[in-house]
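Engineer: Compute the structure for the input listed below.
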Amino acid sequence: MNKKILSIFVMVMALSLLSISCNNKKTTGTGDIGGGTTENTGTTEDTGNKEPEETRTILKASDLEAWLKNIPETSPVNNAIFTFSSGNFSGDTLSVESTGASSKVSADNVKTEVLNSLKSLDKSKFKIKTTIGRSIFTGGNASGNSPLVATFEIEPANDSYVFDSNVEAIKSKIKLSLTVNDNYIWQ
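Structural biologist: Here you go, the predicted structure:
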C-alpha cells in the first residue's frame, strides 16, 4: 500500500514540475480533433521576461511636436533669433521664422546656434539618432531667402517608449525649416 501511495505522490510531483516548467510558454496550434491522425503544426513562443508592449508609452505626433517646440531658442545672429516654441509643425517639419533680423543673416552662424540648441534638447522621451553636425543642413544659400533646413533621424529615448505608426513613418526625416523674417536674406 505504501508503494502505491509513494508512486502516486511521485507522479503528482512530476506533473507539477512539468506544469511549472511550461508556465512561461504560450502555444498556439492546430491539431486534428476529429479522431484521425493528430499532428501539431502550431508554434511555441517564449513569453518569459519580455516587457509587454502594453506597458510601453506610445509617442504620437503631438508628443513629437511638443518635443521639437521645446528646442531652446538660439542666441542672436545678426539680431535674428529663432524661437522654436512659436514654430508651425506640419507633417515631419517644424517651420520657424526668425524675429529681430534687420539685415542679412549669417547662415553659417545660425547653423552653429541651432546645433548648440539641438545638443541641449531634452532626451527623456526622444533622442536624435543622427550625428549632430553641419552635414544635417541644406539650403540657406548666400544671397537667397530659401529656408535653411536641418534634417535628422529620431528614435525613442529608451525601451519604455515606442512610436505610433505616424511617427514611425517620419522618424528618419524630421526637419527644422528656418527662414529669416521680413524677407531678409541669408549671407
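
Engineer: Please make it C-alpha for all contacts and neighbour counts, starting now.
Structural biologist: OK.

Engineer: Might you list the low-confidence residue ranges for the protein?
Structural biologist: 1, 6, 9, 14-54 (pLDDT under 70).

Engineer: how about the strands in it?
Structural biologist: Remark: strands assigned in the chain by DSSP state E are 25-28, 43-46, 57-59, 88-90, 93-97, 126-128, 137-139, 148-152, 154-156, 161-163, 174-179.

Engineer: which residues touch the third one?
Structural biologist: In this case it means strand 57-59. For strand 57-59, contacts defined as Cα atoms under 8 Å, 6 or more residues apart in numbering pick out 160-164, 167.

Engineer: Most neighbours among these, please name it.
Structural biologist: Within the contacts of strand 57-59, most neighbours by other Cα atoms under 10 Å means Val167, with 22 neighbours.

Engineer: from what I can see that one touches Asp63, true?
Structural biologist: No. Contact criterion Cα atoms under 8 Å: Val167 and Asp63 do not qualify, at 9.5 Å.

Engineer: Of the contacts of strand 57-59, just say which sits nearest to Trp67.
Structural biologist: Val167 (12.6 Å; Cα to Cα).

Engineer: The nearest residue to the closest one once chain neighbours are set aside - how many residues pack around it?
Structural biologist: Nearest residue to Val167 in three dimensions, chain neighbours excluded: Ala61, at 5.8 Å (Cα to Cα, 6 or more residues apart in numbering). By the criterion of other Cα under 10 Å, Ala61 has 19 neighbours.
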